[in-house]
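[1] 3D model of this:
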Amino acid sequence: SIKILAWLQSILDFCVFQLGVSLGTLGAIPAAALDPNITALGEIPQPPIMGNVDPSKIDEIRRTVYVGNLNSQTTTADQLLEFFKQVGEVKFVRMAGDETQPTRFAFVEFADQNSVPRALAFNGVMFGDRPLKINHSNNAIVKPPEMTPQAAAKELEEVMKRVREAQSFISAAIEPGWLHSTSICNDFLGCF
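    You can find the predicted model right below:
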């Protein structure tokens, strides 16, 4: 069926990428026939997508690399962002793994799939005191949910209310007599 054919083509594409050999003359199905995004990218070989993947996430996965062997004590997401900017525009960096362990890993998502092969070329390059381990990612980065403008405005309003309350408490501490003349006395502290 088409799914099996797509799976076999993905495996073939991965093998071609690993070997650096073009099998187009041997009758392989063009990658663009299976993934229309690849046509514009000049046939960038991709590993197979593993498991049951949401089709809307495939492009994100194809633009993301796994970065392993990171020093837990010294490596930050900002350092990775700066490092990977040299291969292309970075959309998102997510640190992962247990901070208490000596090594961690991260995912770096680029704006363009063309940046991925350039990032993979840095596999084995020293980053701080360790060689980087860079591979294609098998999953998209889990990102924090985006807020609607209305939700952001409401959150800002709530934060500003807390700031005003804090300012009132600070003023009360500086000018004790001021507290009794405000509604804060009744609402929060009770009059004393």
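
[2] quick one: low-confidence ranges for this structure?
    Applying pLDDT under 70 to the chain flags the ranges 1-45, 175-192.

[3] Do you have the strands of it handy? List them.
    64-71, 90-96, 103-110, 126-127, 130-131, 133-136 (DSSP state E).

[4] quick one, what contacts V108?
    T64, V65, V67, L80, L81, F84, V90, F92, V93, A119 (C-beta atoms under 8 Å, 6 or more residues apart in numbering). Yep, even glycine has a C-beta here, placed from its N, CA and C like the rest.

[5] Just send the residues you listed back as a markdown table, with distance to S137 too.
    Output for the contacts of V108, formatted as a markdown table (distance: C-beta to C-beta, whole Å):
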| residue | distance to S137 |
| --- | --- |
| T64 | 4 |
| V65 | 6 |
| V67 | 9 |
| L80 | 14 |
| L81 | 16 |
| F84 | 13 |
| V90 | 14 |
| F92 | 12 |
| V93 | 12 |
| A119 | 10 |
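
[6] in stretch 111-126, what's buried?
    Q113, S115, V116, P117, A119, F122 (16 or more other C-beta atoms under 10 Å).

[7] Buried subset of the contacts of V108 as a PyMOL selection?
    Remark: buried members of these, expressed as a PyMOL selection using 16+ other C-beta under 10 Å:
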select buried, resi 64+65+67+80+84+90+92+93+119
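
[8] Which of the contacts of V108 sits closest to P149?
    Within the contacts of V108, the smallest distance to P149 is 21.1 Å, found for F92 (C-beta to C-beta).

[9] Done for today, thanks.
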